[in-house]
Each structure stands twice: as C-alpha cells, then as structure tokens.
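J.: build me a structure from this.
(chains A and B)
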Amino acid sequence: MSATETQTAPESEVETSTERRLNMIEAINEALDVTMSRDPDIVIMGEDVGYFGGVFRCTAGLQEKYGKTRVFDTPISECGIIAAAVGMGAYGLRPVPEIQFADYIYPGLDQLISEAARLRYRSAAEYIAPITVRTPFGGGIFGGQTHSQSPEAIFAHVSGLKTVVPSTPYDAKGLLIAAIEDNDPVIFFEPKRIYNGPFSGYYDKPAQPWKKHDASIVPEGHYTIPLGKARKVTEGEALTVLAYGTMVHVAEEVCRQKGVDAEILDLRSLVPLDIEAIEASVEKTGRCMIVHEATRTAGFGAELSALVTERCFYHLEAPVIRVTGFDTPYPHSLEWAYFPGPVRIGEAIDKILSE
Amino acid sequence: MADRPDSAAGQGSNKPSLSLHVPEPHYRPGDAVDFSHVDAGEAGREPRPDEACDPADMRDLAYGLIRVLGDDDRAHGPWDPKLDADTLRAMLKNMAVTRAFDERMFRGQRQGKTSFYMKCTGEEATSISAAMALASDDMVFPSYRQQGILLSRGYPMIEMINQIYSNRGDKLKGRQLPIMYSSREHSFFTISGNLATQTPQAVGWAMASAIKGDSRIAATWVGEGSTAEGDFHAACTFAAVYNAPVILNVVNNQWAISSFSGFAGGERTTFAARGLGHGIAALRVDGNDALACYAAERWAANRARSNAGPTLIEFFTYRAEGHSTSDDPSGYRSAQEREEWPLGDPVMRLKRHLIALGEWDEERQEAMDREAAEMVRATTKEAEANGILGHGLHHPFRTMFEDVFEELPWHLREQAEQAVKEREIKFPEGLPK
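T.: Numbering: from 1, shown residues only, chains lettered A, B, ... in the order given. As a prediction, this is how the structure comes out:
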C-alpha cells in the first residue's frame, strides 16, 4: 500500500490546529521552537544562528528564548560544526547544526560521510549520530556558484544518511520535526528560493507570497510528517512528474499552463525514498519525467531514472526523461539560463507526451 | 615553465630564484644514528604552574620537556605526581600486559589469524599513564594506538581479541578493521580509522558535558602526523572558543608510517606550540616517562574539571616498531634509531624507578611478565574458540545490513534478500561447516 499523501497530509499526527499562514522560514523556526521546548537535549549551532538569528532568520528569537548554551554561534569551520555535533550526539544530545549554505558543507564532508553516517554501523549501535544538519540549497537568488548549489545527490549516495527536502511551509515544519526526532543523521535541505514564497519558474514575473498557497496553513504545536512518504501534489493520468523542493512548484505551474494531466509527486525525502508511490504512479501513467535543479550527470535523477526503468519498464510508453540543471557551475549572470525553468520543462513534456 | 602574467618580460629579472624545501629525516636505513641534537634536558627542570594558569604565562612549557624520572631512576621536581607504590606497580602491570598483548596479536596476524594489527611498543605510557590520571568515566576519543587505555580501564581482553579476529564473539559484528575497538561502557569512543576526526568530536562531547553541567571531561589522542589534518585545527579552535573541558593529547612518535614528523611541521616548531596560537595551555612531555605523562594529564584534567580550559599535551616519544603489520620500518629508517633513542623505554624506566624505591625487583618483574604472557596466551585461546578471521565463525551475514539505519529501509531489505539468494546459489547443499 502506498502511503502517499495529498495536499494536507491526512496521515500526519496533528495535536493542535488553528489556521495560520506562515512562510517557510517561519515554519522552520517554529519546528525548532516546538522541538526545543519539548526536548532539553536539542541544541542549535552554526554560523550567525545565535543572537542574529541566522542569515535567513530561521533561528530568530531562539537564543533569547532558550539561552546561549542551547543556541549559539560557531567558528567558520563546517568540519568543526559537524564534528562537534557528532561528539554532542555521542554524549546524548540531539544537535541541529546549521550550515549557512549547502555550498559550504564540503569542509564537513568527512565528518558527515565517514563519521556521522557510519557511527551506528561501526560501533554496532553503541554510538549513534542523531543529528539534523539544516542547510539552505538551490539557486535562483543570484547567489553565484557558491550560494546556489544543489548537492543532494552526494548525500543520497552515502549509506547511513537520510536526505530530506521540503517544498512547502507545512511540510517544512512536519518534516523538520520528524528529522530532529529521528535517531539517524539527516541532511535537511531547505530550498531557499521558496523560503518566502512558492516559485513558478517565471523569474520575470512578480514573486508570490506563501500566504496565497494552501500549504502555508501551518498548525501550531507538534506534528510530524514521516520521512520516506511522498506527497501527491496533483492527481493525473498522462504523466508522472518526480520532483522535490523548488522544482515541485515550477513543474506544477508548467503542467497547469500546458493543461497537462500530470501526476506530480513531491518526493520530500530522497533517502528513504517512497518507491511504492513512484511505482504506483508510473504504472498508472506509463510516463515519467524527473525534474531537479542540480547538475545532470550522476544527479539524483539518474538514480530515479534507473529505479523507474528497472521496476516499471513494462508499463512505460516512453523513455524516462530528466530535466535538470546543466553540468556547469551555477553562473551568476546567466543563472536563468542554467535553471531548469518552464521552457526546458515544457519541451521535455512535449517530447515525452509525443512518444 | 608555467605561465606567468609577466612572462613576456622573461626570467631575466634581478629577483632571486625560489627553492622548495622538502623535509628529509636525519637518518635513512644503514645510517649511523646520533641523537645528540635532541635536547632532553634534566628531569625536574621544568616548573609546574598552577592549573588555572594563563596559557601566555606558561609558554616555555610548550618548548621545553617535562621530565620526572632522572637518569638516577628517581623522581625529580615539581611534576613528580608522588604516586604510591601500589599505583606505580599497577601502572607497570598495565604496561606489561599491553606489551605482551601486542606481541601475541602481532604474531597472530603473522600466523594468518587476522588481517591487521598495530603495536604501541615504546608508547605505552602515553596512553596508560594518561588514562590512569583521568577518572574512569571521563570520555576518551582515542586514535588507533591507545589499546593501553582499554586495558587500563579493565576492558575484557577477550573482547579485544574477538574484535581483532572479527569472529562471532566480536561485539562490533566483524564490521571494523582489527583494533578499531568501541566500548561505551568504558567511556571509550568508537575508533574511526580516518585520522584526526576524533579530535573535534571530543571537543563537541566536552562542550555537551559543559552544556549539561556534568562533571566529566573528554580527552582525545592523535598522532603528530595527523595534526596536519584540518580536523585537528577545528578541534583547537572550538576548544579555545568555548573553553571546552577537553585534553588534546598529541602523541609525537616521530613517524607517520614512513613520513617523519617533519612532514607535519616538526622541523619548525614543537607540536605543543600548536596550542599556543589558539590560546590553549600547552605542555610538552617526555612520553617515555610514565610519571611525567601521568602528572601532565592530571594537571590538564584538573584544569578542565575546574572550568579553567583545555590543554594540548605533546607526548614526545618514539614509535619503536612499524606503523602496523603492513609496513617494514627497515625500508625507510635506520634500525639504530630505536636503540639510540635518548628517552629510553617507558617500561624499563618505570621498572627501574620502582626498584630504586625498593618496591620492586627483577624476580617480581620476570614473574609479572611471565604471568602477563600466560594470561594473554590463555585469553587468546579462549577467543579462538569463537573463530579467527576467514574461518567462517563470524557473525551471521544478515547482520551486514543492520545498523546502517535504525530501521531497515526497503532498498536495504531488497539487497539483504539478494544476499540470501547469492548464498543459496553459492552453497546449494547448505552452508559449509
């Protein structure tokens, strides 16, 4: 049985519910607040996360509320941040470090890949790394090649790490709480292009705020969205679209404009992956388009394409198609030429529907 | 010739040409060894500052050498920890057991009972004496040559051998390279095998202990070669920034496999001096002097425990054997080095000290060494009943898929089923005995 959820996630455990509208930053801030108030072992650390509240404001107000020993700034050392989190996790804390931009995470890779990811395995569960690394990722903000990258495939490739990407405020809160409460290390990629509003892919049109989007209704209090359960964004018969983060919204807008009866799955987490939802959808539609912003070669789309081909081949009526960023660094002035926007997606839809 | 912006101007400028320095050790195989350049200094020479001392007021201790045991086998100076004879004998016994253990395990590897082993010969004091100066529940983040800590903390030797043999008794389920032990019960962190990663983790643990108002401190060990890793510098930065209750022990045994300490910067300054730039109290200690090792570690522990800050200790010692069972040191360094090492052997020095105190004699030493060897032999035999590497008595292979995550996700479940199928194809008549 597929546990795929539609829009408002009926399977989620919701304790209290009032209709409030939050953007993704506020939703993330609230997830941190809710978990910190429930669990004294949660600590937050990272560059500028303390007094200042983070360069994207995700930790605003938390130091004042929980004190300097639970929410604090760190040296500019991603290796040190992740390593300290591993040590704190070994002590029994539940650290939620922030890496200011996903592009900065590489100095911490050894501590993530060789340490956090393998601690449980190598110690036969004597030590675990219940860490959630939050990090903004993706482009479309004129961030140039060091503030725009989407390195999720690197982490999905590592055994022992979970990789989560929310696409709405509602999901961001529920997934982040689930990630923090998870006993395995989680890389929580926050699509920074949609922190303040969903993005249609038309950078030259006025930005939309979250408050016009249904998924900005975020309940107060504690609720979780289980890791590994995709969200069915739209029901459809003509085509399955697999996407996550910002690209969910771009793909949705293009399908809407083209009048394509697409079934869009927001994967929400790459590891664990909701393979049941993917199989069920592709078996129904017979066509699969994968959309991600990251570079193409050996991107997560390659894994998705392989899985769909291996498991749904006899249901396919057209080759699986990938729509991705180009295999170049993210260029500053030409970022919209890099970005897999409406034209690239539209062309791919035309192609897959014509075959 | 590499391109340069002004290449049109050619090389004919009057600027001096640069030259690259590639470090070279003093002695290579066959060379006669002369360690007269090593200034060991007199035992008892160095002052012992208050444990709350400002690192800037004790700079000289990063460049000197704290020694307690003199050539007369007596304890000298303010760093004498004044241990009672029972404690000294316990220390000596831990060293004797560790050395006997190393001998046996090394031989076991040569006999094909396991894939790999690493001795700590000549460096026993840097782990054993240091560990004895800590509380038994202080958390240690060791590197790979601190088996002496586990043996000092009473970790069952059979567990160590089971781990080395990766047999069915191995608590780590045969997943780790031999000697990469782990024991939460003994406040001993799981050894990584990647170098220096444990140093900033120890700082993080110490920060957590401070966040929680705990009283336990953390200590970590790293080789001088691995201080070149960024992790070590992250550790120093975090330790200093948060005044973390942590001890950063640098075991300077002169050699990182075949690379001498010059490749970690040892030609330019001491490893203890790495602490000074960070504002961390720094001690440079004779690592073959069990009393000095104990005293320095206790000083640092007192400092950390009283919120006075972290300490970096350089244990100046010598790796008397190869890096591991996988290298032959006669291929890259002079065999004379070990004999000529001016700081002697830590076991011999502690033994002679106890004899000088009238608390020990050669007969008892011989009996102790014999007992240690016998105990190791019997324990090895006991462990071999659980199997040796490659002889089939390992953990059930399905355990391979456990503990990657807390719960088994679908893709690992599918791969585990594939593994079952492979076994059935390979062994159609059932598993071999």
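J.: got the CA positions of stretch A:150-163 in PDB?
T.: Extracted as PDB, the C-alpha positions of stretch A:150-163 are listed here (Å, rounded to 0.1, in the frame of the first residue of the first chain):
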ATOM      1  CA  SER A 150      22.200  21.500  -5.000                       C
ATOM      2  CA  PRO A 151      24.500  18.800  -3.700                       C
ATOM      3  CA  GLU A 152      21.800  16.400  -2.500                       C
ATOM      4  CA  ALA A 153      22.900  13.500  -4.700                       C
ATOM      5  CA  ILE A 154      26.300  13.400  -2.900                       C
ATOM      6  CA  PHE A 155      24.500  12.800   0.400                       C
ATOM      7  CA  ALA A 156      21.900  10.400  -1.000                       C
ATOM      8  CA  HIS A 157      24.800   8.300  -2.300                       C
ATOM      9  CA  VAL A 158      26.200   7.800   1.300                       C
ATOM     10  CA  SER A 159      24.900   4.800   3.200                       C
ATOM     11  CA  GLY A 160      23.700   5.900   6.600                       C
ATOM     12  CA  LEU A 161      22.500   9.400   5.800                       C
ATOM     13  CA  LYS A 162      18.900  10.500   5.300                       C
ATOM     14  CA  THR A 163      18.300  13.300   2.800                       C
END
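J.: give me every residue that touches B:Thr197.
T.: Applying C-beta atoms under 8 Å, 6 or more residues apart in numbering or on different chains, one finds that B:Thr197 lies in contact with A:Ala83, A:Asp110, A:Gln111, A:Ser114, A:Glu115, B:Glu229, B:Asp231. All C-beta atoms are positioned from the backbone trio N, CA, C, and that covers glycine.
J.: what does B:Pro409 give?
T.: Taking C-beta under 8 Å, 6+ apart as the criterion, B:Pro409 is in contact with A:Gly228, A:Val271, A:Pro272.
J.: now swap in A:Val282 and tell me
T.: If a contact means C-beta under 8 Å, 6+ apart, then A:Val282 has A:Thr240, A:Cys288, A:Val308, A:Cys312, A:His315, A:Leu316 as its contacts.
J.: in helices, which of those appear?
T.: Among the contacts of A:Val282, the members found in helices (DSSP state H) are A:Val308, A:Cys312.
J.: just the buried members of the contacts of A:Val282?
T.: Among the contacts of A:Val282, those classed as buried by 16 or more other C-beta atoms under 10 Å in any protein chain shown are A:Thr240, A:Cys288, A:Val308, A:Cys312, A:Leu316.
J.: considering the residues you listed, which is situated nearest to chain B?
T.: A:Val308 (14.1 Å; C-beta to the nearest C-beta).
J.: quick one: B:Gly390 from B:Gln163, how far?
T.: According to C-beta to C-beta, to the nearest Å, B:Gly390 and B:Gln163 sit 15 Å apart.
J.: more neighbours, the two?
T.: Using other C-beta atoms under 10 Å in any protein chain shown, the more surrounded residue of B:Gly390 and B:Gln163 is B:Gln163, with 26 against 13.
J.: contacts for the helix or strand containing the more buried one?
T.: For B:Gln163, the enclosing helix or strand under DSSP states H and E is helix B:157-165. With C-beta under 8 Å, 6+ apart as the test, helix B:157-165 has contacts from B:97, B:101, B:105, B:108, B:113-114, B:117, B:147, B:150-151, B:169-172, B:176, B:178-181, B:183, B:375-376, B:379-380, B:382-384, B:386-389.
J.: A:Gly221: neighbour count?
T.: With other C-beta under 10 Å as criterion, A:Gly221 counts 14.
J.: ditto for B:Glu359
T.: For B:Glu359, using other C-beta under 10 Å, the count is 15.
J.: list the residues that contact the residue in chain B that chain A sits nearest to.
T.: Nearest residue of chain B to chain A (C-beta to the nearest C-beta) works out as B:Gly204 at 2.6 Å. Contact analysis of B:Gly204 by C-beta under 8 Å, 6+ apart lists A:Ala83, A:Ala84, A:Ala85, A:Val86, A:Gly87, A:Met88, A:Ala90, A:Tyr91, B:Phe238.
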